[in-house]
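Participant: Following is a predicted model, sequence given first.
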Amino acid sequence: MSRSEDGRDTYREFTEAVNMKPGELQKWLETDQSKHVGWRKKSSGGESVGHESGRKIVELLRRRRDELSESDYRHMRKVVGYVRRHMAQRPSGDVRATRWRYSLMNWGHDPVKAPLPPPGGPSRKALQRHGAPPKARRGPGR
């Protein structure tokens, strides 16, 4: 896979994983719920890793694609990985007022909005246009 293809794939997966708009995410990051979830590094002055990531995501969403650096793409891959891992750990029941959801929202993904497409599969827009593929073509557990 060429470097440009990897960047295209990373960008697509990032924009699918992050389903909050920059203003919406920035407003969320100002709430008490946002500030009180997540793991904190001692060196970050008490800010959680997810909250710090959310601020970076707002910056990334506001940049043009041709302005993104390799460091930006690295962070985008980190975001995609976090969102996918945590979506796989979805608790049962209503998740609207849970720390699980709030943590994901710090990373730019509101699980109440829309499901995350399977990795390597069709994009969220393609799924909306054409519907989900038959279950036989979906990966395990999807």
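Facilitator: Received, thanks.
Participant: contacts for the longest helix seen in the chain?
Facilitator: If you go by DSSP state H, the chain has its longest helix at helix 70-87. Outside helix 70-87, the residues within contact range by C-beta atoms under 8 Å, 6 or more residues apart in numbering are 7, 10-11, 13-14, 17-18, 50, 53, 56-57, 60, 63, 68, 100, 103-104, 107-109, 111, 116, 119. The way it works is simple: take the backbone N, C-alpha and C, and place the C-beta from them, glycine included.
Participant: which regions of the protein sit below the pLDDT cut-off?
Facilitator: 1-5, 42-45, 115-117, 120-142 (pLDDT under 70).
Participant: all strands of it, in order?
Facilitator: Per DSSP state E, the chain carries no strands over any range.
Participant: Alpha carbons of stretch 72-90, as PDB, please.
Facilitator: Extracted C-alpha coordinates of stretch 72-90, given in PDB (Å, rounded to 0.1, in the frame of the first residue of the first chain):
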ATOM      1  CA  ASP A  72      -1.700  14.300  12.700                       C
ATOM      2  CA  TYR A  73      -2.200  11.100  10.800                       C
ATOM      3  CA  ARG A  74      -0.600   9.200  13.700                       C
ATOM      4  CA  HIS A  75      -3.100  10.800  16.100                       C
ATOM      5  CA  MET A  76      -6.000  10.000  13.700                       C
ATOM      6  CA  ARG A  77      -5.000   6.300  13.800                       C
ATOM      7  CA  LYS A  78      -4.900   6.500  17.600                       C
ATOM      8  CA  VAL A  79      -8.500   7.900  17.600                       C
ATOM      9  CA  VAL A  80      -9.800   5.300  15.200                       C
ATOM     10  CA  GLY A  81      -8.200   2.500  17.400                       C
ATOM     11  CA  TYR A  82      -9.700   3.900  20.600                       C
ATOM     12  CA  VAL A  83     -13.200   4.300  19.200                       C
ATOM     13  CA  ARG A  84     -13.200   0.800  17.700                       C
ATOM     14  CA  ARG A  85     -11.900  -0.800  20.900                       C
ATOM     15  CA  HIS A  86     -14.400   1.000  23.100                       C
ATOM     16  CA  MET A  87     -17.300   0.400  20.800                       C
ATOM     17  CA  ALA A  88     -16.600  -3.300  21.100                       C
ATOM     18  CA  GLN A  89     -17.000  -2.900  24.900                       C
ATOM     19  CA  ARG A  90     -20.500  -1.300  24.700                       C
END
